[in-house]
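Chemist: Using only what follows, build the 3D model:
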Amino acid sequence: MRFKYVILTIVLIAAVYSPSFAEEFQPTLLKLDHQDIIFYGFDSSELEIPVTVSGTPCSAIFAVFSEDQGSDIGSIENGFLGWHYVNNIDTCVYYSRDHQLDIGDNVITWNGRDQDGNPIIKYNVYSYYIWAYDNVSKKQRMCKYGADFSRLNWKKDLVVQELDEDGFPLRYPFWYRAHERWKIGHDPEDEKGLISSDIVLEDGWKITGMPEIRQDDFNFLYICVTNTEEKKAALQKLRFIPGGETEIASDWGEEVPYSKPYDVYADYGPGVISDGEYLYAVDNNIITSNEPDADIYIYDMNGFMIEHVDLTPWWSNEHDFKMEAQMNGGPSYFDERRGRIVMNSHASCLVQMIEPARFLDNGMLSDLILWSNGNGDYFYDKNFEVTAKKSWVCNDYNVEPSAYSISLDYNFFSIVPVNDYENYESFGIFAPDGTGLGNFSLAGEGKYKKSGHFFIDCGTPYDGLYCDNVSSLLPHGLYTADAVEKFKGIFYIAHDSVKGVISPPYPGVENTTPTAITLSQNSPNPFNPVTSIAFTLPKDSHVSLVVYDIGGRKIATLMDGNCSAGKHSVDWNASEFASGIYFCRMEAGGVSETRKMTLLK
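Modeler: Now for the predicted structure:
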């Protein structure tokens with residue numbers, strides 16, 4: 001199980017990453033402090049949502065969702081052209097324009113009405129999100145290496161590893177391609193930070209798209225390979241050898257050393273992705289196939305295909321083909337977080353989220369899709385202009401927008417780049433149910449090709465939004481060696497998102513009083529040397545707040561006495577203790593909760 005705010009220091013593979021490097025990349029994180037529960041009478045009065053911002057100013061979106069009502073909502077399609085499909089998930093009832101928030105205390109207001117201005121009356125409890133990014137500060141270079149300008153499809157072969165082999169956030173995340181790795185935090189200009197390994201494949205085969213590292217052993221990774229002559233693709237397992245030649249596993253796969261192949265018509269695609277339980281690949285036959293053709297292939301971790309799922313009802317369109325566009329639209333890019341996979345394509349208007357585990361549990365294809373966003377909401381739509389010759393045609397790679405990557409943050413917000421030569425917008429955001437929230441601009445962004453956005457968002461010291469830099473500042477005709485050298489790299493932008501609950505007041509309980517005993521994750525985490533530990537009480541209680549080391553020894557008592565109902569916070573100064581993992585345990589009202597904390601000096 002993966003946790004956002006639980007950190008575990010890991011000793012990385014010594015042969016790959018030496019600890020002695022100049023830690024020159026040290027970003028200022030954006031953090032949002034919010035109330036877990038806000039009480040509101042849903043009477044159309046103005047509700048104030050407090051949020052404290054630290055690190056950087058930010059642009060923020062406020063959104064309200066149904067809470068635990070997915071089964072009641074069911075499977076529905078709505079909107080113009082049926083653009084929005086949701087399947088047994090909670091949905092967005094309201095989202096705001098972007099708010100500019102300063103460092104310190106801020107207030108976002110909401111009048112309790114939905115997006116159409118109608119009072120919300122259907123459900124008693126709602127969840128709320130605040131999604132934010134730094135739109136003021138200049139982008140900060142994380143690494144001098146960036147786009148593959150021969151193809152200009154940057155994130156097709158790059159992945160970031162956030163978690164260690166035990167599923168906890170890494171102290172130093174790293175990005176990797178099949179043949180190289182870069183430890184985030186290294187001196188951005190130091191070429192020694194790039195660790196490489198040669199890969200020699202059988203004749204006729206080439207690597208395509210993103211690799212997938214083995215989550216319980218970083219020495220191994222999986223790749224997708226294609227053979228254009230045979231029109232086949234398959235997966236392979238490799239052992240990464242720093243400074244040497246990568247080994248291809250000779251005892252892996254249904255057709256050793258390959259998985260069971262599948263048909264492809266092009267030599268590129270998104271690659272392979274995993275949720276830790278299975279491996280996933282798609283065929284991405286967007287150009288050369290005139291027949292409906294869109295599939296996702298599910299393999300076990302030993303390279304045996306266990307499912308082949310037909311996605312043509314979503315990604316293939318005979319009407320678009322008759323309109324002299326493409327029959328198939330992908331998917332061409334994907335990303336995974338916490339068991340959910342989001343997919344899109346530069347060749348289609350469609351963005352889609354799936355949850356394979358939900359499908360694999362019961363074998364019902366209808367449970368695979370969580371949401372889909374297509375033409376009809378005027379957000380990442382194709383051919384929607386009144387002058388469009390192919391009105392509302394979705395599968396058309398000859399018109400903008402062309403989104404060349406997709407990435408998920410911890411709360412399932414999806415980011416897609418804006419590839420538009422007419423404006424300065426940088427990326428668009430989809431809500432956790434696929435609602436399009438709008439396009440946004442980074443400070444100093446150009447109006448050229450955008451690509452390669454990705455999140456690190458699980459509680460590391462490098463959490464934020466990252467992107468390629470060159471393509472946003474240079475038109476294609478100016479991609480000279482000198483210009484690329486000046487602007488190239490992967491750059492950092494501060495980002496955070498949080499989730500809380502808006503609830504009606506309970507009988508006999510004041511609105512400001514919590515309804516349950518809760519121990520929040522300490523903040524900041526990791527910390528050095530002071531961190532704050534917050535907890536809430538529904539009524540006056542005796543509270544014991546104790547810190548233990550990783551060996552289970554009690555090392556500090558932060559509180560042992562009576563506390564009034566409400567929200568409280570206690571600071572712990574760990575200056576006399578060594579770096580490592582500690583546990584904070586609270587006992588109150590017959591309830592006990594524990595949080596892991598990481599001290600890094």
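
Chemist: Doesn't I223 belong to a helix?
Modeler: No: looking at I223 with DSSP: H, G, I helix; E, B strand; the rest coil, it is strand, so not inside a helix.

Chemist: What's opposite it in the beta bridge?
Modeler: Counting by DSSP bridges, I223 forms beta bridges with Q236.

Chemist: Tell me if I'm right that it and A178 touch.
Modeler: Yes: the pair I223 and A178 passes the contact test of Cβ atoms under 8 Å, sitting 5.0 Å apart. Where you see a C-beta, it was placed from the backbone N, CA and C, and this is true even at glycine.

Chemist: between these two, what contacts are shared?
Modeler: I207, P211, L238 (Cβ atoms under 8 Å, 6 or more residues apart in numbering).

Chemist: Can you tell me which of the residues you listed are buried?
Modeler: Buried residues within the shared contacts of I223 and A178, counting neighbours by 16 or more other Cβ atoms under 10 Å: I207, P211, L238.

Chemist: re the thing from before, what's the closest of the shared contacts of I223 and A178 to P331?
Modeler: P211 (17.6 Å; Cβ to Cβ).

Chemist: Can you tell me the closest non-neighbouring residue to A347?
Modeler: Closest residue in space to A347, ignoring its immediate chain neighbours: Y397 at 3.8 Å, by Cβ to Cβ, 6 or more residues apart in numbering.

Chemist: Now do the same for R151: its pLDDT.
Modeler: R151 carries a pLDDT score of 44 in this model.

Chemist: Show me where the stretch 151-300 of the chain has its strands.
Modeler: 159-163, 169-176, 180-183, 194-196, 206-207, 212-213, 220-227, 232-239, 247-248, 262-263, 273-274, 279-282, 295-299 (DSSP state E, counting those that start in this stretch).

Chemist: Need the ones you listed in JSON lines (columns: distance to D116 and mean pLDDT).
Modeler: Listed next are the strands of the stretch 151-300 of the chain as JSON lines, based on distance: least, Cβ to Cβ, whole Å; pLDDT from 0 to 100:
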{"stretch": "strand 159-163", "distance to D116": "38", "mean pLDDT": "93"}
{"stretch": "strand 169-176", "distance to D116": "40", "mean pLDDT": "93"}
{"stretch": "strand 180-183", "distance to D116": "47", "mean pLDDT": "95"}
{"stretch": "strand 194-196", "distance to D116": "52", "mean pLDDT": "95"}
{"stretch": "strand 206-207", "distance to D116": "48", "mean pLDDT": "94"}
{"stretch": "strand 212-213", "distance to D116": "42", "mean pLDDT": "97"}
{"stretch": "strand 220-227", "distance to D116": "44", "mean pLDDT": "96"}
{"stretch": "strand 232-239", "distance to D116": "46", "mean pLDDT": "97"}
{"stretch": "strand 247-248", "distance to D116": "57", "mean pLDDT": "96"}
{"stretch": "strand 262-263", "distance to D116": "45", "mean pLDDT": "94"}
{"stretch": "strand 273-274", "distance to D116": "37", "mean pLDDT": "96"}
{"stretch": "strand 279-282", "distance to D116": "36", "mean pLDDT": "97"}
{"stretch": "strand 295-299", "distance to D116": "35", "mean pLDDT": "97"}
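
Chemist: and of the ones you listed, who's closest to K567?
Modeler: Among the strands of the stretch 151-300 of the chain, if distance is taken as Cβ to Cβ, the winner is strand 169-176, at 25.8 Å.

Chemist: Please name every helix or strand in contact with the closest one.
Modeler: Packing partners of strand 169-176 (3 or more Cβ pairs under 8 Å, 6 or more residues apart in numbering; DSSP states H and E): strand 159-163, strand 180-183.

Chemist: how distant is the shortest one from the center of its chain?
Modeler: By that I understand strand 180-183. Averaging C-alpha positions (Cα atoms, centre = their mean, to the nearest Å) puts strand 180-183 20 Å from its chain's average.

Chemist: Equivalent analysis for the longest one, please.
Modeler: Averaged C-alpha coordinates place strand 159-163 at 11 Å from its chain's average position (Cα atoms, centre = their mean).

Chemist: among the helices and strands of the protein, which has the poorest mean pLDDT?
Modeler: Within the chain, confidence by mean pLDDT, DSSP states H and E is lowest for helix 470-473 among all helices and strands, at a mean of 53.

Chemist: returning to that earlier point: would JSON lines of the helices and strands packed on strand 169-176 with mean neighbour count and distance to M597 be doable?
Modeler: Formatted as JSON lines, the helices and strands packed on strand 169-176 follow (neighbours: other Cβ atoms under 10 Å; distance: least, Cβ to Cβ, whole Å):
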{"stretch": "strand 159-163", "mean neighbour count": "21", "distance to M597": "17"}
{"stretch": "strand 180-183", "mean neighbour count": "22", "distance to M597": "24"}
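
Chemist: Okay, and the residue nearest to A347 sits in which element?
Modeler: Per DSSP states H and E: Y397 is located in neither a helix nor a strand.

Chemist: And the pLDDT at it?
Modeler: For Y397, pLDDT reads 91.

Chemist: quick one: it and V342, what's the gap?
Modeler: 20 Å (Cβ to Cβ, to the nearest Å).

Chemist: Which of these two has more residues huddled nearby?
Modeler: V342 (26 against 18; other Cβ atoms under 10 Å).

Chemist: what is the more buried one paired to in the beta sheet?
Modeler: D335, M353.

Chemist: I'd say it and V351 touch.
Modeler: Yes: between V342 and V351 there is a contact under Cβ under 8 Å: 7.1 Å.

Chemist: shared neighbours of those two, which are they?
Modeler: Common contacts of V342 and V351 (Cβ under 8 Å, 6+ apart): I406, S414.

Chemist: And the residue nearest to A347, how close does it get to N284?
Modeler: 12 Å.

Chemist: Now do the shared contacts for these two.
Modeler: By Cβ under 8 Å, 6+ apart, no residue touches both Y397 and N284.

Chemist: leaving aside the residues next to it on the chain, what's closest to the residue nearest the centre of the chain?
Modeler: Closest to where the C-alpha atoms of the chain average out (Cα atoms, centre = their mean) is L408, at 2.1 Å. Spatial nearest neighbour of L408, chain neighbours left out: R337 (4.2 Å); criterion: Cβ to Cβ, 6+ apart.

Chemist: Next up, the contacts around that neighbour.
Modeler: L408, D409, Y410, F412.

Chemist: Looking at the buried ones among the shared contacts of I223 and A178, which one is closest to I296?
Modeler: Taking Cβ to Cβ as the measure, P211 is the one of the buried ones among the shared contacts of I223 and A178 closest to I296, at 17.8 Å.

Chemist: Quick check: the closest one touching I273?
Modeler: No: using Cβ under 8 Å as the test, P211 is too far from I273 to be in contact (9.4 Å).

Chemist: returning to that earlier point: so what's the residue nearest to L408 scoring on pLDDT?
Modeler: Value listed for R337 in the pLDDT field: 95.

Chemist: rewinding a little: and the residue nearest to A347, what does it touch?
Modeler: Contacts of Y397 by Cβ under 8 Å, 6+ apart are I286, I287, Q326, H346, A347, S348.

Chemist: among those, who's most crowded?
Modeler: So for these (other Cβ under 10 Å), the most neighbours sit at S348, 33 neighbours.

Chemist: Please enumerate the helices of the stretch 351-500 of the chain.
Modeler: 356-362, 470-473, 481-487 (DSSP state H, counting those that start in this stretch).

Chemist: Show the pLDDT at the closest residue to W371 other than its chain neighbours.
Modeler: Leaving aside its sequence neighbours, W371 sits nearest to G434 (Cβ to Cβ, 6+ apart; 3.7 Å). The per-residue pLDDT reported for G434 equals 97.

Chemist: since we're on G434, how many residues are nearby?
Modeler: G434: 25 neighbours (other Cβ under 10 Å).

Chemist: again with Y378
Modeler: 10.
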